[in-house]
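**Student:** With the sequence up front, the predicted model follows.
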2 protein chains.
Amino acid sequence: MTAPSFRNWQSVQDEVLRRIHAREWKPGDLIPNEADLAIEFGCARTTVNRALRSLAQNGLLDRKRRAGTRVAAQPVAKATLDIAIIRNDITDRGQKYGYQLLQSRTIVPPPAISGAMKTGAGQPLLHVMALHLADDAPYALENRWINTAVVPQALDVKFDTSSPNEWLLQNVPYTNGEIAFSAKMASRDEADVLACLSQSALFKMDRLTWDNGQSVTKVQILFAPGYQMRTEL
Amino acid sequence: MTAPSFRNWQSVQDEVLRRIHAREWKPGDLIPNEADLAIEFGCARTTVNRALRSLAQNGLLDRKRRAGTRVAAQPVAKATLDIAIIRNDITDRGQKYGYQLLQSRTIVPPPAISGAMKTGAGQPLLHVMALHLADDAPYALENRWINTAVVPQALDVKFDTSSPNEWLLQNVPYTNGEIAFSAKMASRDEADVLACLSQSALFKMDRLTWDNGQSVTKVQILFAPGYQMRTEL
DNA sequence: CATGCTAATATGTATGCACATAACATCATT
DNA sequence: AATGATGTTATGTGCATACATATTAGCATG
């Protein structure tokens, strides 16, 4: 039997994938170590390492030092979502983007919000509500709080032509954050703004971002009925 | 000024991240090339490459051959969601997992479904409905179609103690698929099963998986009100 | 002026080697 | 038998080097 010779890490990855799909290596199985695979594939161990590392990152393999590499018993599907700027989301689909500022003012927020943001209780936040439109139809309602202590420049920005969504993403750095997705029944006001029936089921995204331990902003985005967030596996 | 010397790719990555956050390198800026950075950091180009490659994968840098590396103008936040097996989702939170089969039968599906699955029109599918419970409360309703042409073994499985969700993930390989998330108003039947009010807003996940061009399964999972899908940024 | 060839350049990747590190196995000690 | 020291092993990473490849700039040619 001639060694087929897999010279680059992509083809090594493909071959490993093939064996997993063909169930030559079953979930839970320990696969040969890098050195052996390198010999079998006729390439350097580095190359095998690169291929396996990549597969591990995608959740198809579990790797542990000394213990070896095994096929993930329960392939946790990792879906990568691209949380784009809403404007791009819309224009990428060939629709016309529209924007409308609903409200912008500085307030001392109710405890629930400053609690989530872990700001001081009396800390004033900038509160902005805006509507994103696709082909003139309401698309998403942005409800945002900005920590003025961290982002004082925000106070000088009139969010009347472009959304806080865009401005913050382009002007304010952050180190980490969290996102949560859920479903919410439309309140009367929300239904009004989004031009849908009250009690409609809306897709909701909550996002909290931080910069070196200081909370930057909290946003809730409510999408008009029919919105879908999609991704490949 | 002494060169701080960043010896491993993680610390190089951290330093690059720091510069991005500190806006020493602003969005859209072209950053020094790998060779120069390697000299500055006192490490090999390979190490810089590893760091930058990783950052590019996370969407913070845009890299092009010959054109160089620049800070992403619009940092598309990439959120990676771990779509776990529902049982794990529940037990990981320290709750008791429960399962209940509602229905299982072979049917010729309505055109809408076979259309989405791109199976032959008259192709019979196995249809299974099941309920997942957390601490005895309804948690999610699984509504699944399985392509019996591709997965004939499924016909022999009684899904009375463990869900198709688990069985398929552990027994049937797939090459690719797609996931969509959305919100849906609970129908009367759905509300009944999930023990919630009719018209509640439910978080919905639709998933379609393929194996080498053949559709394997299509599933719709409706989560009981209150469900949140979370992830770090 | 348009077009196409060519050279320069930055990233992409393969390789052999070395050493670091985690985790397990084994054996000795108590 | 429990505990701890020690060695072994597989992955993790760094480095120097070489070559591959995409893309751009510049030049030459029609």
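**Tutor:** Right, received. Where do you want to start? Numbering: from 1, shown residues only, chains lettered A, B, ... in the order given.
**Student:** name the element the closest residue to residue A:163 other than its chain neighbours belongs to?
**Tutor:** Counting by C-beta to C-beta, 6 or more residues apart in numbering or on different chains, residue A:130 is the residue found nearest to residue A:163 once chain neighbours are left out, at 5.1 Å. Every residue, glycine included, has its C-beta placed from N, CA and C. For residue A:130, the host element (DSSP states H and E) is strand A:125-134.
**Student:** Please see if the next helix or strand after that strand touches chain B.
**Tutor:** Using DSSP H and E, the helix or strand that follows strand A:125-134 towards the C-terminus is strand A:137-147. No. Strand A:137-147 stays clear of chain B (C-beta under 8 Å from any C-beta of the partner chain), getting no nearer than 12.5 Å.
**Student:** Who are the contact partners of the closest residue to DNA strand C within chain A?
**Tutor:** Residue nearest to DNA strand C within chain A: residue A:8 (2.3 Å; C-beta to the nearest atom of the strand). Residues near residue A:8 by C-beta atoms under 8 Å, 6 or more residues apart in numbering or on different chains: A:43, A:47.
**Student:** Which pLDDT value belongs to it?
**Tutor:** Per-residue pLDDT puts residue A:8 at 91.
**Student:** quick one: the strand holding residue A:130 to strand A:137-147, angle?
**Tutor:** When axes from the mean of the first three to the mean of the last three C-alpha atoms, to 10 degrees is applied, the directions of strand A:125-134 and strand A:137-147 differ by 160 degrees.
**Student:** and for stretch A:87-106, what are the contacting residues?
**Tutor:** Contacts to stretch A:87-106, defined as C-beta under 8 Å, 6+ apart, come from residues A:84, A:124-136, A:139, A:148, A:155, A:158-163, A:165-166, A:193, B:74.
**Student:** Any buried residues in it, and which?
**Tutor:** Neighbour counts using 16 or more other C-beta atoms under 10 Å in any protein chain shown place A:87, A:89, A:90, A:97, A:98, A:99, A:101, A:104 of stretch A:87-106 among the buried residues.
**Student:** Can you show me the CA trace of the helix or strand bottoming out on mean pLDDT in chain A as PDB?
**Tutor:** When the helices and strands of chain A are scored by mean pLDDT, DSSP states H and E, helix A:111-117 comes last with a mean of 72. The C-alpha trace of helix A:111-117 is given here as PDB (Å, rounded to 0.1, in the frame of the first residue of the first chain):
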ATOM      1  CA  PRO A 111     -31.700  49.900  40.200                       C
ATOM      2  CA  ALA A 112     -32.300  46.900  37.900                       C
ATOM      3  CA  ILE A 113     -30.100  48.400  35.200                       C
ATOM      4  CA  SER A 114     -27.400  49.900  37.200                       C
ATOM      5  CA  GLY A 115     -27.300  46.600  39.000                       C
ATOM      6  CA  ALA A 116     -26.700  44.700  35.800                       C
ATOM      7  CA  MET A 117     -24.100  47.100  34.800                       C
END
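**Student:** so the nearest residue to residue A:117 once chain neighbours are set aside is in which element?
**Tutor:** Distances taken as C-beta to C-beta, 6+ apart place residue A:215 nearest to residue A:117, at 4.2 Å, with adjacent residues excluded. According to DSSP H and E, residue A:215 maps onto strand A:214-223.
**Student:** Correct me if wrong: residue A:172 contacts residue A:147.
**Tutor:** No. Checked against C-beta atoms under 8 Å, the pair residue A:172 and residue A:147 is beyond contact range at 9.9 Å.
**Student:** Tell me the residues that contact both of these two, please.
**Tutor:** Counting by C-beta under 8 Å, 6+ apart, the shared contacts of residue A:172 and residue A:147 are A:216, A:217.
**Student:** Tell me which of these two has more neighbours.
**Tutor:** Using other C-beta atoms under 10 Å in any protein chain shown as the criterion, residue A:172 and residue A:147 rank with residue A:147 on top: 25 against 19.
**Student:** If the more buried one is in a bridge, with which residues?
**Tutor:** Beta-bridge pairing for residue A:147 (DSSP bridges): residue A:125.
**Student:** Which parts of the helix or strand containing residue A:10 count as buried, going by neighbours?
**Tutor:** Here residue A:10 sits within helix A:9-21, counting by DSSP H and E. Buried residues in helix A:9-21, defined by neighbour count with 16+ other C-beta under 10 Å: A:9, A:11, A:12, A:13, A:15, A:16, A:17, A:20.
**Student:** Tell me how far the last one lies from chain B.
**Tutor:** Yep, that's residue A:20 we're talking about. 7 Å (C-beta to the nearest C-beta, to the nearest Å).
**Student:** Surely that residue touches residue A:58?
**Tutor:** No. Distance between residue A:20 and residue A:58: 11.2 Å, which falls outside the contact criterion (C-beta under 8 Å).
**Student:** Give me the three-state assignment for residue A:56.
**Tutor:** Classification of residue A:56 using DSSP: H, G, I helix; E, B strand; the rest coil returns helix.
**Student:** Show me where chain A dips below the pLDDT cut-off.
**Tutor:** Residues of chain A meeting the criterion pLDDT under 70: A:1-4, A:110-111, A:115, A:120-122.
**Student:** so where do the strands sit in it?
**Tutor:** For chain A, applying DSSP state E gives strands covering A:30-31, A:61-64, A:68-71, A:77-83, A:97-107, A:125-134, A:137-147, A:176-185, A:201-211, A:214-223, A:228-232.
**Student:** before we move on, back to that, tell me the helices and strands packed up against the strand holding residue A:215.
**Tutor:** helix A:111-117, strand A:137-147, helix A:164-171, strand A:201-211 (3 or more C-beta pairs under 8 Å, 6 or more residues apart in numbering or on different chains; DSSP states H and E).
**Student:** that older thread, now for the residue nearest to residue A:117, how many residues are close by?
**Tutor:** Residue A:215: 23 surrounding residues under other C-beta under 10 Å.
**Student:** Check residue A:5 too.
**Tutor:** 10.
**Student:** Distance of residue A:207 relative to residue A:174?
**Tutor:** For residue A:207, the distance to residue A:174 equals 10 Å [C-beta to C-beta, to the nearest Å].
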